[in-house]
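[1] Here's my sequence, what's the structure:
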Amino acid sequence: MFKKLIGAAALACAFISTSANAVTWGQPDGGEHPNVGTLLFVQNGVGFFSCTGTMIAPRVMLTAGHCVSEAGNTNDLTYVRFEEDALSGIGDYASLQDWFDNEWIATETVIAHPEWADYAQFPNTYDIGVVILAEPVYPSNGFGEIPPLDFLANLKGKDKQSFQAVGYGQQGTLPPTAMNDYERYKGTIRLLEVNSYLSGGGNVSAKFSNNPGIGGGTCYGDSGGPTFYKETNIVVSVTSFGWAKNGNCVGNDFNYRTDTPSAQDFIDGVLAEYGE
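    Sure, this is the predicted structure:
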């Protein structure tokens with residue numbers, strides 16, 4: 001899983017050691033995806049962790065299940081921010097809490113897919129969740145959109161070669177790409193397949209590329225972040241886990257699909273209660 005542990009002391013010093021950097025081999029987002037934000041949260045008394053999410057309604061942020069729940073317990077607390085530089089302003093306040101209160105958005109609750117169980121049913125992970133913000137947010141580029149059912153399975157040829165991963169995660173662990181920027185980055189990835197064992201037999205996850213030759217990938221801190229189809233707001237999946245040796249984020253990525261009945265039933269239920 002690609003959430004990232006960030007020490008409170010590190011935050012207080014405005015320094016994050018390998019804790020939340022950037023989409024691998026990508027580039028700064030440059031304001032292209034203001035509907036994508038970062039989460040800071042505490043789980044079962046441990047934190048801060050960081051993840052990424054996408055606004056799909058004024059108070060609903062789509063993310064990964066493991067970013068909102070662990071061991072059957074939802075996050076102790078969660079904050080959300082949409083600044084491209086997630087650490088901006090931290091030195092302007094007397095305490096970390098003052099910074100949170102003034103620069104971050106508080107949340108009402110977080111909700112994991114009811115079948116999410118810490119990968120216990122792997123490869124059927126159900127690794128999808130939402131954050132319900134305490135106040136509405138209206139991104140200038142619009143909300144993330146959910147694709148039709150079986151959208152990824154029906155793509156052919158070149159349509160499988162142009163996706164964008166967006167997130168606040170680590171740039172990479174292999175020198176010289178082990179950067180310390182806690183910023184929103186974007187990278188180009190390709191859809192490899194949806195039918196392997198690790199993809200849940202086409203029912204749950206999609207496998208995407210993660211290498212510099214193609215132009216991007218995901219790493220720690222990108223969990224829950226969107227995979228957009230081409231230049232659209234269509235969120236075809238959320239970052240879930242990587243299958244790489246030694247945790248170096250250079251293998252393939254596996255993202256939880258949003259074009260499946262299990263994902264859309266969950267999302268539709270959340271939007272029926274919290275969508276505006």
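[2] got the buried residues for the helix or strand containing residue 270?
    In the assignment (DSSP states H and E), residue 270 maps to helix 261-274. Residues 262, 263, 264, 266, 267, 270, 274 are the ones in helix 261-274 that count as buried (16 or more other C-beta atoms under 10 Å). The way it works is simple: take the backbone N, C-alpha and C, and place the C-beta from them, glycine included.
[3] any idea how far that helix is from the chain center?
    18 Å (C-alpha atoms, centre = their mean, to the nearest Å).
[4] So what's the model's average confidence on that helix?
    Averaging pLDDT along helix 261-274 gives 97.
[5] Downstream of the helix or strand bottoming out on mean pLDDT in the chain, the next helix or strand is which one?
    In the chain, the helix or strand scored least confidently by mean pLDDT, DSSP states H and E is helix 8-12, which has a mean of 49. Sequence order places strand 27-28 as the next helix or strand after helix 8-12, per DSSP H and E.
[6] Distance from the chain centre to that next one, please.
    16 Å.
[7] For the helix or strand that comes right after that strand, name the packing helices and strands.
    Counting by DSSP H and E, the element after strand 27-28 in chain order, helix or strand, is strand 36-43. Counting contacts by 3 or more C-beta pairs under 8 Å, 6 or more residues apart in numbering; DSSP states H and E, strand 36-43 is packed against strand 46-57, strand 60-63, strand 77-81.
[8] Repeat the analysis, applying 6 Å as the threshold.
    strand 46-57, strand 77-81 (3 or more C-beta pairs under 6 Å, 6 or more residues apart in numbering; DSSP states H and E).
[9] of all these, which lies closest to residue 187?
    Closest to residue 187 of the helices and strands packed on strand 36-43 is strand 46-57 (C-beta to C-beta; 12.5 Å).
[10] So which elements touch that closest one?
    Using 3+ C-beta pairs under 6 Å, 6+ apart, strand 46-57 is in contact with strand 36-43, strand 60-63.
[11] Could I get these in CSV, plus columns for distance to residue 195 and mean pLDDT?
    Formatted as CSV, the helices and strands packed on strand 46-57 follow (distance: least, C-beta to C-beta, whole Å; pLDDT from 0 to 100):
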stretch, distance to residue 195, mean pLDDT
strand 36-43, 28, 95
strand 60-63, 24, 98
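[12] Deepest-packed of those strands, please.
    strand 60-63 (a mean of 28; mean count of other C-beta atoms under 10 Å).
[13] got the CA coordinates for that strand in PDB?
    What follows is strand 60-63, C-alpha atoms only, in PDB (Å, rounded to 0.1, in the frame of the first residue of the first chain):
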ATOM      1  CA  VAL A  60     -16.800  14.200  -1.000                       C
ATOM      2  CA  MET A  61     -13.200  13.300  -1.700                       C
ATOM      3  CA  LEU A  62     -12.500   9.900  -3.300                       C
ATOM      4  CA  THR A  63      -9.400   8.000  -1.900                       C
END
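[14] what's in contact with the following helix or strand past that strand?
    Per DSSP H and E, the first helix or strand lying C-terminal to strand 60-63 is strand 69-70. Outside of strand 69-70, the residues within contact range by C-beta atoms under 6 Å, 6 or more residues apart in numbering are 43, 44, 112.
[15] Kindly calculate the angle that the helix holding residue 270 makes with strand 46-57.
    80 degrees (axes from the mean of the first three to the mean of the last three C-alpha atoms, to 10 degrees).
[16] And the contacts of helix 261-274?
    57, 59, 60, 113, 128, 130, 132.
[17] Residue 222 in helix, strand or coil?
    Secondary structure, DSSP: H, G, I helix; E, B strand; the rest coil: residue 222 is coil.
[18] roughly how far apart are it and residue 147?
    20 Å (C-beta to C-beta, to the nearest Å).
[19] Including distance to residue 123, could the contacts of strand 69-70 go into TSV?
    Output for those, formatted as TSV (distance: C-beta to C-beta, whole Å):
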residue	distance to residue 123
43	23
44	25
112	17
